[in-house]
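[1] model the structure of this input:
(4 chains)
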Protein chains: 2
Amino acid sequence: MTRTYKSDVSASLHELASDLHEVGLIDKATMRHFDESCLTPIHEFTAEDIRKLREREQVSQTIFAAYLNVSKDSVSQWERGQKQPAGPSLKLLSLVERKGLSSIA
Amino acid sequence: MTRTYKSDVSASLHELASDLHEVGLIDKATMRHFDESCLTPIHEFTAEDIRKLREREQVSQTIFAAYLNVSKDSVSQWERGQKQPAGPSLKLLSLVERKGLSSIA
DNA sequence: CAATATATAGAACTTAGTTCTATATATCAA
DNA sequence: TTGATATATAGAACTAAGTTCTATATATTG
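    Residues are numbered from 1 along each chain as shown, chains lettered A, B, ... in the order given. Sure, this is the predicted structure:
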């Protein structure tokens, strides 16, 4: 199964870098840049994007909201372009986009 | 590797329930209750909890913040009890707690 | 010494996220 | 048919999360 390959590699790489850091072979700045370069870049989501994403996962706004731990009204507002998801919400939407709803169950 | 077993099961179960729903064998209400019962319950995090969690992952506030897609100041405020993480932030903290930082890379 | 990483502290600001009510359909069971 | 529920839109009002900024302090590193 290749589905979790990426995160396992990330975990291993981080552990290696972390160990190298502890032993003093790489400094904190390098460690920081390493970590940040590992992070999947996060993009904006249009109202349309969000609705498509939710429909791809075949769930109602209520269920989608429950997965993200936000209110159903928030999801509704996102999909109508009345509110823009920010910070941590964008992160969760990115995770769902890349790894599916069940990855954040 | 057992690390992703849980989410694979979740995915499969959701797909099965989803198919049963499409075929009309279970209604939307049941589908909703099914999905919500699948979600890992989310609890509050004290300032201490968050600091411990971050230290377990061996990263600075800055890096931790980058993973969650929040500002470093927010993490600092959480750890000092000045602000309480809410909704989507709590969800991300729960994911990190259960599956590790790399699971949300 | 100078520069950077890390973390605390506090203040001011913006707006995301919540909650509430109302409206409208569709589905489903009695 | 009727009543109850699921789903979704709409708008208003409120709270506080999250952001950004500045200042301070310490430790580390070139």
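[2] got the buried residues for stretch A:82-90?
    Under the neighbour-count criterion of 16 or more other Cβ atoms under 10 Å in any protein chain shown, stretch A:82-90 has A:Pro85, A:Gly87, A:Pro88, A:Ser89, A:Leu90 buried. All C-beta spots, glycine's among them, are computed from the backbone N, C-alpha and C.
[3] state the pLDDT value of the fourth one.
    Just to be clear, that refers to A:Ser89. Looking at A:Ser89, its pLDDT stands at 98.
[4] name the nearest residue to the spatially most central residue of chain A, ignoring sequence neighbours.
    For chain A, the residue nearest the mean C-alpha position is A:Leu95 (3.1 Å; Cα atoms, centre = their mean). Nearest in space to A:Leu95, with sequence neighbours left out and distances taken as Cβ to Cβ, 6 or more residues apart in numbering or on different chains, is A:Ile104 at 5.6 Å.
[5] quick one: residues contacting that neighbour.
    Taking Cβ atoms under 8 Å, 6 or more residues apart in numbering or on different chains as the criterion, A:Ile104 is in contact with A:Tyr67, A:Leu68, A:Leu92, A:Leu95, A:Val96, B:Lys91, B:Leu95.
[6] as JSON lines, those with secondary structure and distance to A:Thr40 would be great.
    Formatted as JSON lines, the entries for the contacts of A:Ile104 read as follows, by DSSP: H, G, I helix; E, B strand; the rest coil; distance: Cβ to Cβ, whole Å:
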{"residue": "A:Tyr67", "secondary structure": "helix", "distance to A:Thr40": "19"}
{"residue": "A:Leu68", "secondary structure": "helix", "distance to A:Thr40": "17"}
{"residue": "A:Leu92", "secondary structure": "helix", "distance to A:Thr40": "13"}
{"residue": "A:Leu95", "secondary structure": "helix", "distance to A:Thr40": "9"}
{"residue": "A:Val96", "secondary structure": "helix", "distance to A:Thr40": "12"}
{"residue": "B:Lys91", "secondary structure": "helix", "distance to A:Thr40": "17"}
{"residue": "B:Leu95", "secondary structure": "helix", "distance to A:Thr40": "14"}
